[in-house]
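> Requesting a structural model of the entry that follows:
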Amino acid sequence: MQARGRVARLRHRVATLAVAVGVLAVAGGGCGGSRSDVELVRGVTVDVEARDNTFVPEDTTVAAGTNVRFVNVGRNDHNVIPISDDQDELLVETDSLGPEAEATVRLTEPGTYRYYCSIHGTETAGMIGTVEVTG
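Residues are numbered from 1 along each chain as shown. Down below sits the predicted model:
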């Protein structure tokens, strides 16, 4: 079990490094040209594991345009329900996230996306998490 935790931490560190490299590439690519309000990274995916009663990591920071992949490594069904009504792009239905399943969402708008699993928590306790999307 400890090895699994180390692997999850290592994956998170690698994903964080990939996001940082993507942000630097986008920032460098924007020099000298016109700039839109938000430049999106492409081809970057960060994993969030749905375990039997928790999301790992619980809090994640990504650049706009990053794919967030929810991977069910537990034995139970899970879902991802956005806490804010205007963040439906974060919704992952239960039938999409059974054991060993995964679902990917692409978050393009900067902001804080708070979510929970309605099977194993509420909006304020239990299986909850956040994704902070930076511009």
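> how about the helices in this protein?
For the chain, applying DSSP state H gives helices covering 2-29.
> Where does the prediction get shaky in it?
1-36 (pLDDT under 70).
> ok, which stretches of it are strands?
45-50, 55-56, 59-63, 66-72, 81-82, 102-107, 111-121, 126-134 (DSSP state E).
> Serialize those to TSV and add fields for distance to residue 92 and mean neighbour count.
C-betas here are computed from N, CA, C, even on glycine. Listed next are these as TSV, based on distance: least, Cβ to Cβ, whole Å; neighbours: other Cβ atoms under 10 Å:
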stretch	distance to residue 92	mean neighbour count
strand 45-50	9	21
strand 55-56	11	22
strand 59-63	15	20
strand 66-72	6	21
strand 81-82	8	18
strand 102-107	4	17
strand 111-121	9	19
strand 126-134	12	18
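> got those as TSV, with distance to residue 91 columns?
As requested, these are exported to TSV (distance: least, Cβ to Cβ, whole Å):
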stretch	distance to residue 91
strand 45-50	14
strand 55-56	15
strand 59-63	17
strand 66-72	11
strand 81-82	6
strand 102-107	8
strand 111-121	9
strand 126-134	13
